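Novice: Whatever this is, show me its structure:
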Amino acid sequence: MSMDIYLSPADVAVLCCGILASLVVGVVYAVKESRHKSSFFRFHRGGGKLHPFSVAVSLVVTFQSSIFYLEDPSEIFMYGSYYMMQILGLIVGYLMMFFITIPLFYPLQITNVYEYLQMRHESQRVRQMSMWLVNAGYLLYAGIVTFGAATGM
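Specialist: Now for the predicted structure:
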């Protein structure tokens, strides 16, 4: 049994509008920011003027993926309330980040852990090695997320 599924014109229109909207937002902010002195700190943290809620929402949305939508319901079905222990662990981890990590990084004016590793160990090699290892992990993660989205949703 062959099921040929094609996008309808309405699907293509919605897809194109979404891509066009993202492109327009990027171009508008690129032109707007070109008037100011550009720096990584300004780009990454808005020059320190971003509201904490908007930063938090941005981070949460960034880490949502097909794995979240495929894995969580099955975890709850398989293990029931034990899944809440994972949620409690996440809450403790976020509180530790809020009270320990952020107060350490913010006064140093650094934007990522790799800069901290380079400062702490005074070695560019430590920074590069950690960056390569994390990138290799993210490459594997991206493959799994893409595969999950392609087959499960």
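Novice: N112: neighbour count?
Specialist: By other CB atoms under 10 Å, 12 other residues sit near N112. Where you see a C-beta, it was placed from the backbone N, CA and C, and this is true even at glycine.
Novice: Quickly note the distance from it to T101.
Specialist: 12 Å (CB to CB, to the nearest Å).
Novice: again, but for L133
Specialist: Applying CB to CB to L133 and T101 gives a distance of 19 Å.
Novice: what's the answer for S22, then?
Specialist: Taking CB to CB, one finds S22 at 31 Å from T101.
Novice: tell me which element L88 falls in.
Specialist: helix 83-96 (DSSP states H and E).
Novice: so how far is that helix from its chain's centroid?
Specialist: Between the centre of helix 83-96 and the centre of its chain there are 18 Å (CA atoms, centre = their mean, to the nearest Å).
Novice: in the helix or strand following it, what's buried?
Specialist: Next along the chain after helix 83-96, taking DSSP H and E as the criterion, comes helix 102-108. Buried residues in helix 102-108, counted by 16 or more other CB atoms under 10 Å: F105.
Novice: Using CSV, write out every CA atom in helix 102-108.
Specialist: Extracted C-alpha coordinates of helix 102-108, given in CSV (Å, rounded to 0.1, in the frame of the first residue of the first chain):
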residue,chain,number,x,y,z
ILE,A,102,25.7,32.8,37.7
PRO,A,103,27.3,34.8,40.6
LEU,A,104,30.7,33.3,39.6
PHE,A,105,30.4,34.1,35.9
TYR,A,106,28.6,37.5,35.9
PRO,A,107,31.4,39.6,37.5
LEU,A,108,34.0,38.1,35.2
